[in-house]
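Novice: Coordinates for the following, if possible.
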Amino acid sequence: MDANGTTIRTCGELAAGDQIEAWHNGKLFHRGRVMQTIPLMELFWILDARTGARKLLDVEALDIVRCAAMPGLEADVAAGLAQPA
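Specialist: Residues are numbered from 1 along each chain as shown. Predicted coordinates for the structure are as follows:
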């Protein structure tokens, strides 16, 4: 796991706009920007940086790490979403 970030224990520690990485068994599964949190259920939505899709993640099922924003990544995702199929 990335030792440079802040480990998140509860959904209440997240806010819309935070950049996160979601790890499971030492493997990176998701990376992206938090879109919305559901603190009562310990769930949150991200915009996945790799696919541009929204993903619903569970704080209790994954190791969540807050990380620095990746320069240019947001623009790449937005551009990919704007392209016709």
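Novice: Wait, I46 touches F29, no?
Specialist: No. Using Cβ atoms under 8 Å, I46 is not in contact with F29; the gap is 11.0 Å. Yep, even glycine has a C-beta here, placed from its N, CA and C like the rest.
Novice: as a whole number, average confidence for stretch 15-22?
Specialist: Confidence for stretch 15-22, expressed as mean pLDDT, is 96.
Novice: how about the nearest residue to V34, chain neighbours excluded?
Specialist: D18 (4.4 Å; Cβ to Cβ, 6 or more residues apart in numbering).
Novice: can you point me to the longest strand in the protein?
Specialist: Longest strand in the chain by number of residues (criterion: DSSP state E): strand 27-38.
Novice: what comes into contact with it?
Specialist: 11-12, 14-23, 43-50, 54-55, 57, 62, 67, 70, 74 (Cβ atoms under 8 Å, 6 or more residues apart in numbering).
Novice: Of those, which belong to strands?
Specialist: Using DSSP E, the subset of the contacts of strand 27-38 located in strands is 19-23, 43-48, 54-55, 57.
Novice: Report the two of the residues you listed separated the most.
Specialist: Maximum pairwise distance among the ones in strands among the contacts of strand 27-38 (Cβ to Cβ): 19.3 Å, between W23 and R54.
Novice: if you count what's nearby, which of these two comes out ahead?
Specialist: Between W23 and R54, W23 has the larger neighbour count (other Cβ atoms under 10 Å), namely 18 against 12.
Novice: The more buried one contacts V65, doesn't it?
Specialist: Yes. The criterion here is Cβ under 8 Å, and W23 meets it with V65 at 6.7 Å.
Novice: still on that earlier bit, could you check how many residues crowd around the residue nearest to V34?
Specialist: The burial count for D18: 20, using other Cβ under 10 Å.
Novice: residue contacts, it?
Specialist: By Cβ under 8 Å, 6+ apart, the contact list for D18 reads 33-34, 66.
Novice: and of these, the nearest to T7?
Specialist: Among the contacts of D18, R66 lies closest to T7 (Cβ to Cβ), at 7.9 Å.
Novice: Return the distance of the spatially closest residue to that closest one that is not a sequence neighbour relative to I64.
Specialist: Once flanking residues are discounted, R66 sits nearest to T6: 4.4 Å by Cβ to Cβ, 6+ apart. Distance, T6 to I64, by Cβ to Cβ, to the nearest Å: 9 Å.
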